[in-house]
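Peer 1: got a structure for you, letters missing:
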DNA sequence: CTCCTTCCCTGGGAGC
DNA sequence: TGCTCCCAGGGAAGGA
C-alpha cells in the first residue's frame, strides 16, 4: 500500500509525463471529491495546466496553473491502502477489469493521454484547494509532521517527538503528526532494523535507541525508494509497474519464517492489536522489562 | 492534549 | 463451483 516510498515513486514516474500538460477535460465517475460537487470540480479543474507534482508524507499534490481569472490550485490525492494513479498514453491497452470498475476520476490531457485515479477499497478522497484556502486542505496534510528524509530531520527532532508520548512506539511512528509518510510496513521494518520491540513505550527509548531508529528510518525509506517501492498486494507506480522492495522485507508479512539477520534463527512473530498487526523478531527486538519500558512521571 | 475504539470499503484467499 | 468468513489498514470522529 502506498506509504512514503511508494508515493514518492508514483510522483517521480508521473512527473515527466504530466508536467507541462494541460487538462482538456475531467470525468468524475464517482463523487469521491471531499470538498466540491462533481460539477464544480470538473469546471474548476478543466483548462488548467499541470505545473508540478510533489509529495508530502503520503499525499500527492498536483500544482495547477491559474485559469479564467481564478487563482492557482492544488489537486490533493491520498491513495490510502488501495488507491492508484495511472497515466495512460493514447492507445494504451485497457486497464485490468477490476481497476477499470473502480476508477473514480479521469483527467484527459492535451496529448490525449489520461490520468486515472482508481481505488479498489473506496477509502481515498481527493481535495481541491484553490488559491491559499488552506482550510480546504485535508486535516492530515495540515498537521503533517517532518519529512523523514529531509536534512533537518535529525535524531534530536525525532527524540523530541517520541519522548513526549507514552503510547507504544509502533503506534507513535504511525502518527503522521510525528513523522510524515510511515505506514505499517515501514514502521515494522524500521523497528526491526533498529532492534526495538514495537510495544515499547515511545518515551522509554534510550538516546542510543532513538539514534538507531533515526538511522533505520533513513536507510529503510531510501532503500525502498531505490527499489521503487513495495508491492505486497496491489501497488503499482504511475506507469503501472510494481516495486521491488518486497524481496527485501525482513519482518513484514513473514510471521512464522526465520529472522533474516545473520546469525539469528528466531521465528518472526505477529502481534495483533486493534485490527492492526505488527511483525517483529522476538530475539532482535526484545520486549522491555517493566523498568526499561517505563517513562518519566511528567513528560 | 493523549489515548483508545469504531467505522469506512472491497478483493482475495481459505475452508467447506 | 459457489458459498461464507476473515483479513488487509489510514484516517476521521467521538468518548474517556
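Peer 2: All right, it came through fine. Since this is a predicted model, take the numbers as computed values, not measurements. Numbers count the residues shown, from 1 in each chain, chains lettered A, B, ... in the order given.
Peer 1: Show me which residues of chain A sit near DNA strand B.
Peer 2: Counting by C-beta under 7 Å from any atom of the strand, the residues of chain A close to DNA strand B are A:98, A:101-102, A:120-123, A:164-168, A:171-172, A:273-275. C-beta: built from backbone N, CA, C; applies to glycine.
Peer 1: how does it look with 6 Å?
Peer 2: In this structure, chain A approaches DNA strand B at residues A:98, A:101, A:120-123, A:165-167, A:274-275, judged by C-beta under 6 Å from any atom of the strand.
Peer 1: Now restrict those residues to buried residues only.
Peer 2: Among the residues of chain A next to DNA strand B, those classed as buried by 16 or more other C-beta atoms under 10 Å are A:120, A:165.
Peer 1: Within reach of DNA strand C, which of the residues of chain A next to DNA strand B are there?
Peer 2: A:121, A:123, A:275.
Peer 1: Identify, from those residues, the entry nearest to residue A:78.
Peer 2: Within those, distances to residue A:78 taken as C-beta to C-beta reach their minimum at residue A:123, with 8.7 Å.
Peer 1: a helix runs through the closest one, doesn't it?
Peer 2: No. Using DSSP: H, G, I helix; E, B strand; the rest coil, the assignment for residue A:123 is coil, not a helix.
Peer 1: Distance check, it against residue A:242.
Peer 2: Distance, residue A:123 to residue A:242, by C-beta to C-beta, to the nearest Å: 21 Å.
Peer 1: ok, the nearest residue to residue A:71 once chain neighbours are set aside - contacts?
Peer 2: Computed as C-beta to C-beta, 6 or more residues apart in numbering, the closest residue to residue A:71 that is not its neighbour in sequence is residue A:131, at 3.4 Å. Counting by C-beta atoms under 8 Å, 6 or more residues apart in numbering, residue A:131 touches A:70-73.
Peer 1: From these, list just the buried residues.
Peer 2: Neighbour-count burial (16+ other C-beta under 10 Å) is assigned, among the contacts of residue A:131, to A:72-73.
Peer 1: where's the dip in pLDDT among the contacts of residue A:131?
Peer 2: The member of those with the lowest pLDDT is residue A:70, at 91.
Peer 1: Would you list the phi and psi of that residue?
Peer 2: As for residue A:70, its main-chain torsions (degrees, to the nearest 10) stand at phi -90, psi 150.
Peer 1: what's across from it in the sheet?
Peer 2: Listed by DSSP bridges, the beta-bridge partners for residue A:70 are residue A:67.
Peer 1: and the closest residue to DNA strand B within the stretch 51-200 of chain A, what does it touch?
Peer 2: At 3.3 Å from DNA strand B, residue A:166 is the closest residue in the stretch 51-200 of chain A, using C-beta to the nearest atom of the strand. For residue A:166, the contact set (C-beta under 8 Å, 6+ apart) comprises A:201-203, A:295, A:299.
Peer 1: List buried residues within the residues you listed.
Peer 2: Buried subset of these (neighbour count, 16+ other C-beta under 10 Å): A:201-203.
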